[in-house]
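**Student:** Okay, structure incoming, though there's no sequence with it:
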């Protein structure tokens, strides 16, 4: 391989699989990684990273990665950091692999730290001692090096859901909000917003959040105002959170008013998706527009905040959406939206990605424009999908690749391209949905099975992430209805996964969970189907005719006899067997007696007959009992 091409792979993050050199075998990779020459070690780790899943000896591969974490060459340490994320689930010594990740996060080189933090987020679910792993992350957050600290905070936000003791983990985050370091405080607040949904005691968690809205630090209040929009859907008493937001929206600091009004707008959008009628839906959408406009107008008066306000991105979309639904202004509405939204993304580092988002949202508006009549429940589901997508896209306005690479990566994860990998999972879901439909035929779940199958087949026409959001929201609704009808002892695992999928912020992860849920349902229904077949056999006669198996229903009185017969004791079965054996032995003995009549008189005919009857009875009894016991 040409050295320059290898450098291209390394500096582009090893994404260019087509450039990857395919070595002969794992022994060659191992030999290269142990080489004294940097170029050979580089070739070895690049090939190991790209072909890890195909390597037969995963333990050896993990040891080879471990060898490079202290390599003098930065690129090789970076490759080791990246490879740990792929290898970690397969490493037998996960404790050592975890320690390697922590070492690499504390590296002096930024790119090494970046990829190590990325691997840490992927590794955490697979480590057994999560309590100690969580403590390791807390130590990173308290590190004196601000770069290490920031990677620790991002890791904290992303692994919280996997921690066993979430109450203690929440208290640890609250403690971090009291840090003297501004980055630590800010990061802790955002971790609270990202993970409020996973906390068990939400009332206590709210008291902690509310207390921070009263903090003397305006920066902390600003951060709190932003996350209140995140936690609103999971909050038990909405009036308390709205009171705090309305108070913060009147603050003398412009940035705080911007964040509070934006969160109030998000809260109104959520209330619209939960509205019971179209009038309430309209009212909440109008409220959202007012709050977004207040936030956007603040930005216009304070240009230094222009790039930091997501309201400037979402407002044009919601305004156009409202006009299309309630004012029938269809002629130029989509063009107006495109013009306003493109202006909003000017100056953003993520302009290209945001313009793709604008295009997808414009397509959504055209879809509404072309629909003559949209069902109210469909409208609410669509709004939920649009909101998730728009908010994720808006986050790119306030996040930069250079300052927050992992955060930017996670945001882009929420704006996925419908690529081959996603299409493969969708194909699996469609096949499982077909099987579910077949298994639910002639059962109380038939209509729901049909709906799940119908929704899954619409996925074939999906071309953008908004369509994915809408499709999987509809799928979750249908699966939730199945959960509600299943007995408690059968639905626990699948329905718990469904609950997780509803809370899952990223559509890619949601798709995988839906795939797992369908597998659980199929497994459960297959068990029930086998029971149903057994019952049918017990209540039917099976006969052979014309070379084929035929089913003959028994009369009702005989079915009752069969059922009652299932309850009869073993003694009754024994009596049946004995009667059959006695009949056969009696018949055979009669034949023997008649034959003996032709023999001389000095033969004891009666003794021979009795002895024959006993022998025959015993033999027949043994044979019949074995037959009945099968």
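**Tutor:** All right, it came through fine. Every value quoted in this text rests on a predicted model; they were computed, and no experiment measured them.

**Student:** low-scoring stretches of the stretch 201-350 of the chain, by residue?
**Tutor:** Residue ranges of the stretch 201-350 of the chain with pLDDT under 70: 236-237, 299-309, 328-335, 337-338, 341-342, 344-350.

**Student:** Surely residue 310 touches residue 265?
**Tutor:** No - with contact defined as CB atoms under 8 Å, residue 310 does not reach residue 265; the gap is 9.8 Å. Where C-beta positions appear, they are placed from N, C-alpha and C, glycine not excepted.

**Student:** quick one: buried residues of the host helix or strand of residue 64?
**Tutor:** Secondary structure assignment for residue 64, by DSSP states H and E: helix 58-68. Buried residues in helix 58-68, counted by 16 or more other CB atoms under 10 Å: 58, 61-68.

**Student:** Give me the contacts around that helix.
**Tutor:** For helix 58-68, contacts defined as CB atoms under 8 Å, 6 or more residues apart in numbering pick out 26, 29-30, 33-34, 41, 44-45, 48, 52, 55, 76-77, 79-80, 83-84, 87, 90-93, 96-97, 100.

**Student:** Contacts made by the very next helix or strand once past it with the rest, please.
**Tutor:** Toward the C-terminus, helix 58-68 is succeeded by helix 74-87 as the next helix or strand (DSSP H and E). Applying CB under 8 Å, 6+ apart, the set of residues contacting helix 74-87 from outside is 7, 10, 13-14, 38, 41-42, 45-46, 48-49, 52-53, 58, 61-62, 65-66, 68-71, 97, 100-101, 104, 107, 109, 111-112, 115-116, 118-119, 122-123.

**Student:** Helix 74-87 vs helix 58-68, what angle?
**Tutor:** Per axes from the mean of the first three to the mean of the last three CA atoms, to 10 degrees, the angle that helix 74-87 makes with helix 58-68 is 150 degrees.

**Student:** buried residues in helix 74-87?
**Tutor:** So, applying 16+ other CB under 10 Å, buried residues of helix 74-87: 75-87.

**Student:** Narrow the contacts of helix 74-87 to those that are buried.
**Tutor:** 10, 14, 41-42, 45-46, 48-49, 52, 58, 61-62, 65-66, 68-69, 71, 97, 100-101, 104, 107, 111-112, 115-116, 118-119, 122-123.

**Student:** Helices - which of those land there?
**Tutor:** Among the buried ones among the contacts of helix 74-87, the residues falling in helices (DSSP state H) are 10, 41-42, 45-46, 48-49, 58, 61-62, 65-66, 68, 97, 100-101, 104, 111-112, 115-116, 118-119, 122-123.

**Student:** mind putting the buried residues of helix 58-68 in TSV, distance to residue 453 included?
**Tutor:** As requested, those are exported to TSV (distance: CB to CB, whole Å):
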residue	distance to residue 453
58	38
61	42
62	43
63	48
64	47
65	44
66	48
67	51
68	49
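
**Student:** Quick check: of those residues, which lies closest to residue 471?
**Tutor:** Lowest distance from residue 471 to the buried residues of helix 58-68 (CB to CB) belongs to residue 58, with 36.1 Å.

**Student:** how about the nearest residue to residue 501, chain neighbours excluded?
**Tutor:** Spatial nearest neighbour of residue 501, excluding adjacent residues (CB to CB, 6 or more residues apart in numbering): residue 513 at 4.0 Å.

**Student:** quick one: that neighbour and residue 499 touch, right?
**Tutor:** No - Residue 513 lies out of contact with residue 499 (CB under 8 Å); the separation is 9.8 Å.

**Student:** Settle it for me: which of those two has more neighbours?
**Tutor:** residue 513 (19 against 14; other CB atoms under 10 Å).

**Student:** and the more buried one, what is it in contact with?
**Tutor:** Shown in contact with residue 513 (CB under 8 Å, 6+ apart): 497-498, 500-501, 504.

**Student:** if we go to 10 Å?
**Tutor:** 472, 476, 497-504 (CB atoms under 10 Å, 6 or more residues apart in numbering).

**Student:** can you check residue 117 too?
**Tutor:** Residue 117 neighbours (CB under 10 Å, 6+ apart): 81, 85, 101, 104-105, 137, 140, 147-148, 150-155, 158, 405-406.

**Student:** What sits closest to it if chain neighbours are left out?
**Tutor:** Using CB to CB, 6+ apart, the closest residue to residue 117 is residue 151 (3.8 Å).

**Student:** Show me this structure divided up by domain.
**Tutor:** Per the record, the chain has its domains at 420-518, 568-628, by automatic domain parsing.

**Student:** Go through the ones you listed and find the least confident stretch.
**Tutor:** Within the domains of the chain, confidence is poorest for domain 568-628, with a mean of 59 (mean pLDDT).

**Student:** buried sites along the helix or strand where residue 293 lies?
**Tutor:** In the assignment (DSSP H and E), residue 293 maps to helix 278-301. Across helix 278-301, burial judged by 16+ other CB under 10 Å covers 281, 284-285, 287-289, 291-296, 298-299.

**Student:** Please convert those to TSV, extending it with distance to residue 228.
**Tutor:** Below are the buried residues of helix 278-301 laid out as TSV (distance: CB to CB, whole Å):
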residue	distance to residue 228
281	22
284	17
285	20
287	16
288	15
289	19
291	12
292	15
293	19
294	15
295	13
296	18
298	17
299	19
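
**Student:** what's the closest of those to residue 520?
**Tutor:** Nearest to residue 520 among those: residue 281, at 34.0 Å, using CB to CB.

**Student:** nearest spatial neighbour of the closest one, skipping sequence neighbours?
**Tutor:** Nearest residue to residue 281 in three dimensions, chain neighbours excluded: residue 275, at 4.1 Å (CB to CB, 6+ apart).
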